[in-house]
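In: Compute the structure for the input listed below.
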Amino acid sequence: MTHDGAGDVQQWRDPKRHLWLLALAVPTLPFQAGGLAAVTGADAMWWWGPVFAFVLLPLLDQATGSDGENPPEAVMKRLEADRYYRWCTYLYLPLQFGALIWACEQWSSDDLSVVAALGLAATTGVVAGVAINTAHELGHKRERLERQLSRLALAQTGYGHFYVEHNHGHHVRVATAEDPASSRMGESFWRFLPRTVVGSVRSAWRLESRRLQRRGRRTWGRHNDVLTAWALTVALFAGLSAAFGPGVLPYLLLQAVVGFCLLETVNYLEHYGLLRRRRPDGRYERVAPRHSWNSNHVVSNLFLFQLQRHSDHHANPLRRYQTLRHFDEAPQLPSGYASMIVVAWFPPLWRRIMDPRLKAHLGGDLTKANVHPSATTPPAGAVEGA
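Out: Purely as a prediction, here's the structure:
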C-alpha cells in the first residue's frame, strides 16, 4: 500500500474495522444450528458448524479473493493502541461459554436424536477450535487480563498446556525438526496428529518444570501453569456435569477432541516442510517470514483474527492482529485455512498441491526443507498450483 503524503496517512482508516466483528458469529454457531433445526425440522441442521466452517467459508474465500494490503507504518502505533480491536477478542469468551452451557442444556434434554446430539457436539467443537485461536491472539500479549482470558478460553478443549508450549516452545523451535508443532514434508496429517499432541504435552511439561525449578518452586503445585490450566478444564466439565447430569460428559469430551484437532490441523499447514537452518555456532537462524505459510484470503482472515498472516506473527509475536503485515517473501497457501484444513485431511491431495509449492519456494533445493525421514520427492504427476 502506498500513500501520498502525511495527509493521506492522517486520514487513513481501517477498511475492515467493523468487519472484524464477524468473528463473533463463530461462537453463536450452536444457536444458529438450533434455530435452523427448529425452522426446518431436520436433524442434519445440528451439523451446521462444520458446514459453515468447511463449506460456506471456503466458498466465500473464493468469491472475495485475497487482500495483500498493509496498513501504513505511520499508523501502526495508533492502530495497536485502539482498544476496539481488543474488545473484538474479549467478547468471544462470553459467547463461547454461553453457547457451551446452552449446548449442555440441549444434550441433557430428551429432545435430540443421536445424530442431532453428535452434530451439536461437532458444531460446538468448531467453536472450541476457533476459541484456541482467540486464546492464541490473547496469550501473546503483555497485559495480564489478556493472558488470563487466554487460559480461560483454552479450558473448553482441555488444551491449556498450549499456553505454555506455544509461547515458549513452538515460537523458539518453529520450522525445525525439534518442534512437535511443525510438520515435515511427506508427513501426512494423520501421522503428524499423534506426534504433535503427545509432543506438545511433553514439551509443555518440560518447559514448565524447568521454569519452576529455576524459581525454586515445586513442579507439582499451584504455580504450575500446565496443572492449573488442566484444573480449569476439570472444574468446568465437573460443573457442567453437576448442573446438567453426567450424560453431557461424553459430548463435552467429543467437542474438545474436535476443537484441538482443528488446532493441530492448522499447525500442520502453517509450517509444512519449512526449515530454519543451523548457523555455524549451532543455533538456528532467526525466524523470518519465509518460515511460515501465509494466506491473505479475506473471509478466513476476518473470522480468525488474521491468523493467516502467520509469517509476520512469527517474526513479531507481540504484534496485534489488526497490524499484521503481508510479506512478498512469505510462501503463500493457494487458499484460506478453511479450505486447506479439509485438504490436509486427504494426504494424497495435500501432497499434490503443497509439495510442488514447497519445492518452488525453496528454489528446487529440498536440502533446505524439513523432510520426514520416510519422504523422498513429491508424488508423481504433481503440478504447481494444482
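
In: residue contacts, Ser182?
Out: His170, Arg173, Val174, Ala175, Thr176, Asn267, His271, Leu274, Asn370 (C-beta atoms under 8 Å, 6 or more residues apart in numbering). Glycine gets a C-beta too; all of them are placed from N, C-alpha and C.

In: and with 6 Å instead?
Out: Neighbouring residues of Ser182 by C-beta atoms under 6 Å, 6 or more residues apart in numbering: Val174, Ala175, His271.

In: Looking at those residues, spot the one nearest Arg144.
Out: Val174 (25.4 Å; C-beta to C-beta).

In: Kindly tell me how buried that closest one is, as a neighbour count.
Out: Counted with other C-beta atoms under 10 Å, residues neighbouring Val174 total 22.

In: Relative to Ser150, how far out is it?
Out: 19 Å (C-beta to C-beta, to the nearest Å).

In: Find me the pLDDT at Asp4, would you?
Out: Looking at Asp4, its pLDDT reads 44.

In: Could you do Ser374 as well?
Out: 79.

In: likewise the one 3 residues further on?
Out: As predicted, Thr377 sits at a pLDDT of 49.

In: Enumerate every residue touching the residue nearest the centre of the chain.
Out: By C-alpha atoms, centre = their mean, the chain has its centre lying nearest to Asn133, at 4.2 Å. Asn133 sits next to Leu304, Leu307 when contact means C-beta under 6 Å, 6+ apart.

In: Could you check which helix or strand contains it?
Out: In this structure, Asn133 sits in helix 114-139 according to DSSP states H and E.

In: Tell me which helix or strand comes right after that helix.
Out: Per DSSP H and E, the first helix or strand lying C-terminal to helix 114-139 is helix 144-153.

In: angle of that next one against helix 114-139?
Out: Interaxial angle, helix 144-153 versus helix 114-139 (axes from the mean of the first three to the mean of the last three C-alpha atoms, to 10 degrees): 160 degrees.

In: Could you list every helix and strand that helix 144-153 packs against?
Out: helix 114-139 (3 or more C-beta pairs under 6 Å, 6 or more residues apart in numbering; DSSP states H and E).

In: so how far is the helix it packs on from its chain's centroid?
Out: Taking C-alpha atoms, centre = their mean, to the nearest Å, one finds the center of helix 114-139 at 11 Å from the center of the full chain.

In: can you offset everything so residue one is 23?
Out: Done: numbering now begins at 23, and the last item shifts to helix 136-161.

In: avg pLDDT for that helix?
Out: Helix 136-161 shows a mean pLDDT of 97.

In: List the buried residues of it.
Out: Buried residues in helix 136-161, counting neighbours by 16 or more other C-beta atoms under 10 Å, are found at 138-161.

In: and what of stretch 33-47?
Out: Buried, per 16+ other C-beta under 10 Å, within stretch 33-47: Trp34, Asp36, Lys38, Trp42, Ala45, Leu46.

In: which of those lies closest to Arg374?
Out: Out of these, the member with the shortest distance to Arg374 (by C-beta to C-beta) is Ala45, at 31.5 Å.

In: what about that closest one, distance to Cys283?
Out: From Ala45 to Cys283 the distance is 20 Å (C-beta to C-beta).

In: and what of Leu167?
Out: From Leu167 to Cys283 the distance is 29 Å (C-beta to C-beta).

In: With neighbour numbers in mind, choose between those two.
Out: Taking neighbours as other C-beta under 10 Å, Leu167 and Cys283 compare with Cys283 leading, 18 against 11.

In: Now stretch 320-333 - C-alpha only, PDB.
Out: Output in PDB follows, covering the C-alpha atoms of stretch 320-333 (Å, rounded to 0.1, in the frame of the first residue of the first chain):
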ATOM      1  CA  VAL A 320     -10.200 -12.100   3.200                       C
ATOM      2  CA  VAL A 321     -13.000 -14.000   4.800                       C
ATOM      3  CA  SER A 322     -10.900 -16.600   6.600                       C
ATOM      4  CA  ASN A 323      -8.700 -13.800   8.000                       C
ATOM      5  CA  LEU A 324     -11.700 -11.900   9.300                       C
ATOM      6  CA  PHE A 325     -13.100 -15.000  11.100                       C
ATOM      7  CA  LEU A 326      -9.700 -16.000  12.500                       C
ATOM      8  CA  PHE A 327      -8.400 -12.600  13.600                       C
ATOM      9  CA  GLN A 328      -5.900 -12.600  10.800                       C
ATOM     10  CA  LEU A 329      -4.100 -15.700  12.000                       C
ATOM     11  CA  GLN A 330      -3.300 -16.500   8.300                       C
ATOM     12  CA  ARG A 331      -0.800 -13.700   8.200                       C
ATOM     13  CA  HIS A 332       1.300 -16.100  10.100                       C
ATOM     14  CA  SER A 333       4.600 -15.000   8.700                       C
END
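
In: Can you give the distance of that stretch from its chain's centre?
Out: 10 Å.

In: Give me the mean pLDDT for that stretch.
Out: Per-residue scores along stretch 320-333 average to 95.

In: could you point out where the stretch 173-322 of the chain is predicted with low confidence?
Out: Within the stretch 173-322 of the chain, no range satisfies pLDDT under 70.

In: follow-up on the earlier one: how close does the residue nearest to the centre of the chain sit to Ala45?
Out: 9 Å.

In: Kindly report the same for Ala203.
Out: For Ala203, the distance to Ala45 - C-beta to C-beta - is 23 Å.

In: now Asp133
Out: 30 Å.

In: Check Arg312 too.
Out: Taking C-beta to C-beta, one finds Arg312 at 28 Å from Ala45.
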